[in-house]
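**Student:** Just need the structure, nothing else, for what follows:
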Amino acid sequence: SLPLPSASPPTVASDEAVVPHAGHARPLHVLVAEDHPVNRAYLEAVLEKLGHHAVFAVDGDGAVRAVEAQPESAAFDVVLMDLHMPGMDGFTAARTIRAMAPPRGRVPIVALTADAFQASRHLAREAGMDDFLTKPAHLPQLREALARYGGGAVVPASHKAADALPGDAESALDLATVDDVLEALSPPKYAALLAGFLGERFAQIAGLRQALAAGARADLRSRAHALKGAALSLGLRDVGALAGQLQSTAHDAPIAELGALVDRLERRFEASVTECAQRALLPATAATPPAAPAPA
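**Tutor:** This is a model prediction of the structure:
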């Protein structure tokens, strides 16, 4: 992380509206606050394809320090802010930035989250954010959002590949999303991201089970939320949907019911690995998924 000064405590933010940049489309200087490495890698590739320069922070405190450290001559044009991060969350980070003197305190802030709840939108507005994107936010959505702040398409959009993945009602994947990601990145980049994420599935499931065993419902919810966002961004529909169910019920559902959800999630993870290998979406070296580790 950058050796930047600590952020000042939040104060009352100005009621002054943040005005989007005017003018012709141009490359933007974008700050992205995102804690999940899969989402960071995906956003880095998409923003690069759109012709923008991105700087990344892994939590809200890092985002605040990055905004504070930028000279006015090279200020960020827009901030993409995840809402739920360890340490300082996106809401607190947005309020802290809004309390800064102009021009830093007037930088446009776009919420970027797997939460599609109306309450989250309301809280984002209250915190001073200007826009709201729901994950998975793919190239067309990001292009449209950034265009509002002067960063219209600086490279032509590529066309869908003629050999788009065939649909399948029984698929564990969201094939339209997979096509979008393949268009936004490239098959090798997508394969590398997918292999990295799926390769961590045993650790992900183990972490969920540990949180369950400890009765740590807040930790369970946080883990499920992070898992949902990354899975949906990669087109892993079933994994994302079950992680979302786990997130929404983590606080009050019976432990046995939550355990059954984790079991289902584990099975859909394995089904997703198998299907990704069958569809040649994984690198050749990862085409044969590893077996689960033997119990200790």
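**Student:** how about the helices in the stretch 1-150 of the chain?
**Tutor:** Along the stretch 1-150 of the chain, counting by DSSP state H, counting those that start in this stretch, helices occupy 37-49, 60-69, 90-98, 118-126, 139-147.
**Student:** buried sites along the first one?
**Tutor:** This points to helix 37-49. Counting neighbours by 16 or more other Cβ atoms under 10 Å, one finds that the buried residues in helix 37-49 are V38, N39, R40, A41, Y42, L43, A45, V46, L47, K49. In this view, the C-beta of every residue, glycine as well, is placed from N, C-alpha and C.
**Student:** hang on, the third one packs against V46?
**Tutor:** No. Using Cβ atoms under 8 Å, R40 makes no contact with V46, being 11.0 Å away.
**Student:** show me what contacts A124?
**Tutor:** Contact criterion Cβ atoms under 8 Å, 6 or more residues apart in numbering gives L83, G90, F91, A94, A111, F132 as the residues in contact with A124.
**Student:** Can you tell me which of those residues is closest to A176?
**Tutor:** F132 (21.6 Å; Cβ to Cβ).
**Student:** Just give me the neighbour total for the closest one.
**Tutor:** Under the neighbour criterion other Cβ atoms under 10 Å, F132 is assigned a count of 18.
**Student:** Give me the nearest residue to it, chain neighbours excluded.
**Tutor:** Computed as Cβ to Cβ, 6 or more residues apart in numbering, the closest residue to F132 that is not its neighbour in sequence is A111, at 4.6 Å.
**Student:** Any of the contacts of A124 buried? List them.
**Tutor:** For the contacts of A124, burial is judged from neighbour counts taken by 16+ other Cβ under 10 Å, and it is met by L83, G90, F91, A94, A111, F132.
**Student:** these two touch, right, L198 and V273?
**Tutor:** Yes. Under the contact definition of Cβ under 8 Å, L198 touches V273, with a separation of 5.3 Å.
**Student:** Let me see the ranges of the strands in the stretch 51-200 of the chain.
**Tutor:** Under the criterion DSSP state E, counting those that start in this stretch, the stretch 51-200 of the chain contains strands at 53-57, 78-81, 109-113, 131-134.
**Student:** buried sites along the helix of greatest length in the chain?
**Tutor:** For the chain, the helix reaching the highest residue count under DSSP state H is reported as helix 255-278. Across helix 255-278, burial judged by 16+ other Cβ under 10 Å covers L258, L261, V262, L265, E266, R268, F269, A271, S272, V273, E275, C276.
**Student:** model confidence over it, on average?
**Tutor:** Per-residue pLDDT values across helix 255-278 average out to 97.
**Student:** for stretch 204-215, same thing?
**Tutor:** The average pLDDT within stretch 204-215 is 98.
**Student:** same thing with stretch 181-200?
**Tutor:** Per-residue scores along stretch 181-200 average to 92.
**Student:** Closest to the centroid, which residue in this structure?
**Tutor:** What sits nearest the mean C-alpha location of the chain, by Cα atoms, centre = their mean, is N39, with 4.4 Å.
**Student:** Wait, that residue touches G229, no?
**Tutor:** Yes. With contact defined as Cβ under 8 Å, N39 and G229 form a contacting pair (6.1 Å).
**Student:** Give me the common contacts of those two.
**Tutor:** Contacts common to N39 and G229, judged by Cβ under 8 Å, 6+ apart, are K135.
**Student:** what residue ranges in the stretch 101-250 of the chain score low on pLDDT?
**Tutor:** 151-169 (pLDDT under 70).
**Student:** Surely A218 is within a helix?
**Tutor:** Yes. When DSSP: H, G, I helix; E, B strand; the rest coil is applied, A218 is found to be in a helix.
**Student:** dump the residue contacts of it.
**Tutor:** Applying Cβ under 8 Å, 6+ apart, one finds that A218 lies in contact with A250, H251.
**Student:** That one and A211, how far apart?
**Tutor:** According to Cβ to Cβ, to the nearest Å, A218 stands 9 Å off from A211.
**Student:** And for E200?
**Tutor:** Distance from E200 to A211, counting by Cβ to Cβ: 16 Å.
**Student:** Of those two, which one has the most company?
**Tutor:** Each of E200 and A211 has its neighbours counted (other Cβ under 10 Å); A211 has more, 21 against 15.
**Student:** so that one makes contact with Q204?
**Tutor:** No. A211 is not in contact with Q204 according to Cβ under 8 Å; the separation is 11.1 Å.
**Student:** contacting residues for the closest residue to K189 other than its chain neighbours?
**Tutor:** Among residues not flanking K189 along the chain, A45 sits closest, at 5.7 Å (Cβ to Cβ, 6+ apart). Contact criterion Cβ under 8 Å, 6+ apart gives A184, L185, K189 as the residues in contact with A45.
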